[in-house]
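Participant: Sequence and predicted structure are below.
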4 protein chains.
Amino acid sequence: MSALSPAVQVAVARVRDEVAALHAELVRYGLVVWTGGNVSGRVPGADLFVIKPSGVGYDDLDAAAMILCTLDGEVVPDTPGSDRSPSSDTAAHAYVYRNMPEVGGVVHTHSPYACAWAARREPIPCVLTAIADEFGGEIPIGPFAIIGDDSIGRGIVETLRGHRSPAVLMANHGPFTIGKDARAAVKAAVMVEDAARSVHLARSLGEPHPIDPAAIDSLYDRYQNVYGQAEPPPR
Amino acid sequence: MSALSPAVQVAVARVRDEVAALHAELVRYGLVVWTGGNVSGRVPGADLFVIKPSGVGYDDLDAAAMILCTLDGEVVPDTPGSDRSPSSDTAAHAYVYRNMPEVGGVVHTHSPYACAWAARREPIPCVLTAIADEFGGEIPIGPFAIIGDDSIGRGIVETLRGHRSPAVLMANHGPFTIGKDARAAVKAAVMVEDAARSVHLARSLGEPHPIDPAAIDSLYDRYQNVYGQAEPPPR
Amino acid sequence: MSALSPAVQVAVARVRDEVAALHAELVRYGLVVWTGGNVSGRVPGADLFVIKPSGVGYDDLDAAAMILCTLDGEVVPDTPGSDRSPSSDTAAHAYVYRNMPEVGGVVHTHSPYACAWAARREPIPCVLTAIADEFGGEIPIGPFAIIGDDSIGRGIVETLRGHRSPAVLMANHGPFTIGKDARAAVKAAVMVEDAARSVHLARSLGEPHPIDPAAIDSLYDRYQNVYGQAEPPPR
Amino acid sequence: MSALSPAVQVAVARVRDEVAALHAELVRYGLVVWTGGNVSGRVPGADLFVIKPSGVGYDDLDAAAMILCTLDGEVVPDTPGSDRSPSSDTAAHAYVYRNMPEVGGVVHTHSPYACAWAARREPIPCVLTAIADEFGGEIPIGPFAIIGDDSIGRGIVETLRGHRSPAVLMANHGPFTIGKDARAAVKAAVMVEDAARSVHLARSLGEPHPIDPAAIDSLYDRYQNVYGQAEPPPR
């Protein structure tokens, strides 16, 4: 890591801790099984991000196991974890970071209710105030894309650029979510499964009432700007 | 807290402990995800209540994190937690406390089965003895109301005043529950999700048998007056 | 407890331990919420049984909290827990013990999938080998009965006497299970919810294949006589 | 164990540890209740395998409780656990090991969503990329077979021989899975329930989009050959 400035090294260490810890939230909310799913986080002030290793279980994910990558998706040599392969979704994460500079975190899961909507290629309609709050409208479907080149990343970016929703349901695959940092992307992954489940249950016994678009706009605006605590000053 | 009498200060401390601890029950029963949901409790003998801070995770909710509010929903200054924003549902809780003096606790969640009925704006029919016991009949739907003014609180009060049910499913939103204290309101939140789930499952494969209204009355009366242990003397 | 012989006192202590511990299994398998549900166990060699107190949470159920009752459902005075009310289902348990001498344990829950079948008053068909193993055929529906007299107990006994199934789904209420001891009755409560869930899921998307009655007989016979370890010698 | 060479004794000890520990994964992922389900692992370099005892709870499964069997399904005398009966599915496991030399682990569960497909005798269609990755196509149905002779083992082998899927749903019974070792078979058991659940949910509200067979082939090939970390050198 001699090529990284001391300030970047500090930032990398912080993102490693954060990304490692956030994987436990995927387990807590039942969004993943076995070694599936992954979280990544951009290193502020550098063209780098940190991501889960491929095929490693959730009990074995500490900060040193995370893998540091360039925005081309290449592992940075001679850093902790660099002897292992990064997540097989690394190219998709890298594509998002290269093309959406406002994004600081990306999450992918195969959470079951979201996957059910994805298998039908059906967007989740905005019929609950919680969906209006977090997603500002329906949760969209992305294209069918095969792993192994840029097509998943491109599908995510083309669907989410200019969209209020931080989540896309990739067709026949599952949800990818983005956020200003890894924590926000994990929150979106939790909320997309919660929305997918509640609307699935609602639809199972009839048709949910739609929410008026003006009410959706009002809810989204309030939640994004008023909810929660004031932001702490940036570190 | 110099303006509060010693007796009120003792009562506040007790309600802070109780409300903080009860949030763990929402997690235990799967009624909330991330920072969603909230519990509040009235301070006996004072025009005050204690409520969860806004947008704070369930792992970080100890007694000192709870926020003390007046019945107008204003944070009491210079008390523990008063530097943070209270739950974004504080106005709704305050409206209930102002208008229903018999209510000592209020709970709000987005529990998934209850939200499914709320999205369809369909009351949960009383087709199980456990629903007759706790709710004395069907669990009603409240109006669609946007956060930010008194309309949620008003919808809760207008629906539940004079009703046996301690729970209302606010349209396209989710359940609010009330009780003689915060613990009773949490119990109602647990029971409304349990009822919503069992009746959802029953309805998925056919039509449940109705229960005769006289039997509902008899069950409700017995459960409210005979079930459980005799009340301990008030503290 | 001076009226009880030393041998009976030893037996009571053992059943208290067993019944207290078994309540944790109801929680582990998600069969109960809040203070609902109850386990009882007959005291071998005496006309007594041990049961959960009414309306007490599952975190507070140690051996001393269990309540010793006669087969008439009366609390034995001056024994641990005798200052509290026993489960509101005590009369039903007592009726079963009085009328089915081979029964050593009774369990009641409101487990959600079983309650869904109970609300429709529809028996669970025997379409999985696990159901043939444990229940020897379909899981039957009992009558609608109101709490407060012998009618629940009578409905259980009339449905299960001479039936292979150790579980009955009381109409619009929920499952009651029996066994040679409390542990066997708890196992039946776990298995009835498992059966109710798997068959619910199967039926949601079509019609399960029936199992030939001769195969059901063969599975039931083998499981009751060959499965598991040889019985330890009686204590 | 004097008849076993020191090298085999070391291998047996390692497989006992592995098989005992893997049973906890069945509990973690909700694939089993009470004493149901079982894991076995072949002992490399010997005609032996290790399996769960019959009817013993998951809290009591340490390495010494596992039972060593020959490939005829007979317990090896005078070894730890040999005084107890092995899993009632031992004959089926033994049949698989005798007839599929490439198989090093076998798992059986009654996981609920997989059992639902099994009760309808309906294969799980390959409509999610995760199913293409792990199963390379649909998850097949095996014949209806009664416990007690070779018919379950024969049904497993006839269905899975030459099939990409490591899982078969035995009709009206439940899933059996195989793998190069016990860990791989447990992974397949986890993934078959995950697939069964997601496709169940998808089908509940409509028809999932099919995935093009060429894309399935490409996904399967990549996942089997690229995903995860390079294999460590054999011990």
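Facilitator: The structure has been received and is ready for your questions.
Participant: worst-scoring helix or strand of chain A, pLDDT-wise?
Facilitator: Here the helix or strand of chain A ranked lowest by mean pLDDT, DSSP states H and E is helix A:213-225, holding a mean of 92.
Participant: mind checking the SS state of the residue nearest to A:L4 when sequence neighbours are not counted?
Facilitator: Closest residue to A:L4 apart from its sequence neighbours, by Cβ to Cβ, 6 or more residues apart in numbering or on different chains: A:V12 at 6.8 Å. Bear in mind the C-beta positions are built from the backbone N, C-alpha and C, glycine included. Following DSSP: H, G, I helix; E, B strand; the rest coil, the label given to A:V12 is helix.
Participant: Next: A:V96.
Facilitator: helix.
Participant: which secondary structure element contains the closest residue to chain D within chain A?
Facilitator: Nearest residue of chain A to chain D (Cβ to the nearest Cβ) works out as A:G55 at 2.8 Å. Using DSSP states H and E, A:G55 is not contained in any helix or strand.
Participant: List the residue ranges of chain A that fall below the pLDDT cut-off.
Facilitator: A:1-2, A:231-235 (pLDDT under 70).
Participant: Strands along that one, start to end?
Facilitator: Using DSSP state E, the strands of chain A run over A:38-42, A:48-51, A:67-70, A:105-108, A:141-142, A:167-170, A:174-179.
Participant: contacting residues around A:K180?
Facilitator: Neighbouring residues of A:K180 by Cβ atoms under 8 Å, 6 or more residues apart in numbering or on different chains: A:102-105.
Participant: nope, A:M191 is what I meant
Facilitator: Contacts of A:M191 by Cβ under 8 Å, 6+ apart are A:130, A:134-135, A:167, B:33-34.
Participant: how does it look with 7 Å?
Facilitator: A:134, B:34 (Cβ atoms under 7 Å, 6 or more residues apart in numbering or on different chains).
Participant: A:R164 too?
Facilitator: A:135-137, A:220.
Participant: at 6 Å instead, please
Facilitator: By Cβ atoms under 6 Å, 6 or more residues apart in numbering or on different chains, A:R164 lies in contact with A:136-137.
Participant: Roughly how far does it sit from chain B?
Facilitator: A:R164 is 18 Å from chain B, where distance means Cβ to the nearest Cβ, to the nearest Å.
Participant: Report how many residues lie close to the residue lying closest to A:G206 once chain neighbours are set aside.
Facilitator: With sequence-adjacent residues excluded and distances taken as Cβ to Cβ, 6+ apart, A:G206 is closest to B:R120, at 5.1 Å. By other Cβ atoms under 10 Å in any protein chain shown, 22 other residues sit near B:R120.
Participant: for A:H200, same thing?
Facilitator: 21.
Participant: Report the contact partners of the spatially closest residue to it that is not a sequence neighbour.
Facilitator: Using Cβ to Cβ, 6+ apart and skipping residues adjacent in sequence, the residue nearest A:H200 is A:Y113, 5.3 Å away. For A:Y113, the contacting residues are A:193, A:196-197, A:200, D:201, by Cβ under 6 Å, 6+ apart.
Participant: on that earlier part again, which residues are in contact with the least confident helix or strand of chain A?
Facilitator: A:126, A:129, A:132-133, A:136, B:146.
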